[in-house]
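Peer 1: here are the coordinates; sequence isn't available:
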Ligand SMILES: NC(=O)c1ccc[n+]([C@@H]2O[C@H](COP(=O)([O-])OP(=O)(O)OC[C@H]3O[C@@H](n4cnc5c(N)ncnc54)[C@H](OP(=O)(O)O)[C@@H]3O)[C@@H](O)[C@H]2O)c1
């Protein structure tokens with residue numbers, strides 16, 4: 001069967017109590033909020049291999065030119081996804097850099113449309129690195145195929161700390177995606193859980 005979209009693997013490190021950041025948002029480790037807060041490089045560091053294409057969902061083009069993503073986009077392929085609401089000045093700012101801008105959606109980024117575009121660019125799989133807002137968007141639209149969750153030995157607490165999945169949440173447990181546990185790996189003090197949906 002020909003896939004109509006890339007395979008999506010949600011990957012995150014969570015504390016025992018399901019948080020992916022503290023309330024101050026200094027987190028273990030991409031929607032634009034994650035870029036703004038963590039300024040991640042999003043490269044392969046602990047394994048050999050070429051860097052994956054980095055895709056940032058940033059409707060208004062708020063990404064800073066000082067971010068590591070923009071500073072390294074001349075060497076690491078980078079896609080910034082915006083919506084039609086992006087201010088012209090931000091579009092011009094992005095256009096000065098050697099990166100690809102994809103416009104998908106009117107106000108909010110239309111994720112299904114974006115996935116079709118990425119599929120046409122021959123992107124076959126995507127590692128979804130959150131945060132919680134973006135994770136919810138993909139999960140409640142039924143767009144996640146696998147989850148790789150690393151449980152780290154911390155208890156963070158706090159009602160304002162970002163959890164693995166934010167958004168509105170499902171009103172009934174039966175509406176939740178059904179996960180099948182595929183593998184468990186113990187890495188010293190951490191556990192990596194690999195689920196299929
Ligand atoms: N522990 C981990 O593994 C891990 C991994 C990643 C992140 N984090 C943490 O997660 C926190 C950030 O999470 P977050 O939930 O605040 O934000 P997020 O998911 O990183 O980003 C959400 C933003 O993405 C943009 N976006 C664009 N299109 C969207 C769409 N269709 N649906 C939803 N969002 C869309 C929106 O901003 P615009 O409207 O401006 O486009 C939205 O506010 C950070 O503290 C970070 O440290 C932890």
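Peer 2: Yep, it's here. What you are looking at is a predicted structure, and each value in this text was computed from that prediction instead of being measured. Numbers count the residues shown, from 1 in each chain.
Peer 1: what about the residue lying closest to residue 176 once chain neighbours are set aside, distance to the ligand?
Peer 2: Nearest non-adjacent residue to residue 176, counting by CB to CB, 6 or more residues apart in numbering: residue 170, 5.4 Å away. C-beta: built from backbone N, CA, C; applies to glycine. Distance, residue 170 to the ligand, by CB to the nearest ligand atom, to the nearest Å: 16 Å.
Peer 1: ditto for residue 145
Peer 2: Residue 145 is 18 Å from the ligand, by CB to the nearest ligand atom.
Peer 1: go on, residue 136?
Peer 2: For residue 136, the distance to the ligand - CB to the nearest ligand atom - is 8 Å.
Peer 1: which non-adjacent residue is nearest that residue?
Peer 2: In space, residue 136 is closest to residue 167, 2.8 Å off (CB to CB, 6+ apart).
Peer 1: close to the ligand, is stretch 72-82?
Peer 2: No. If you take CB under 6 Å from any ligand atom as the test, stretch 72-82 misses the ligand, and the best it gets is 7.2 Å.
Peer 1: can you name the residues in contact with that stretch?
Peer 2: 41-43, 51, 53-61, 63, 69-70, 90-91, 94, 97-104, 109, 114, 118 (CB atoms under 8 Å, 6 or more residues apart in numbering).
Peer 1: many thanks, we can stop here.
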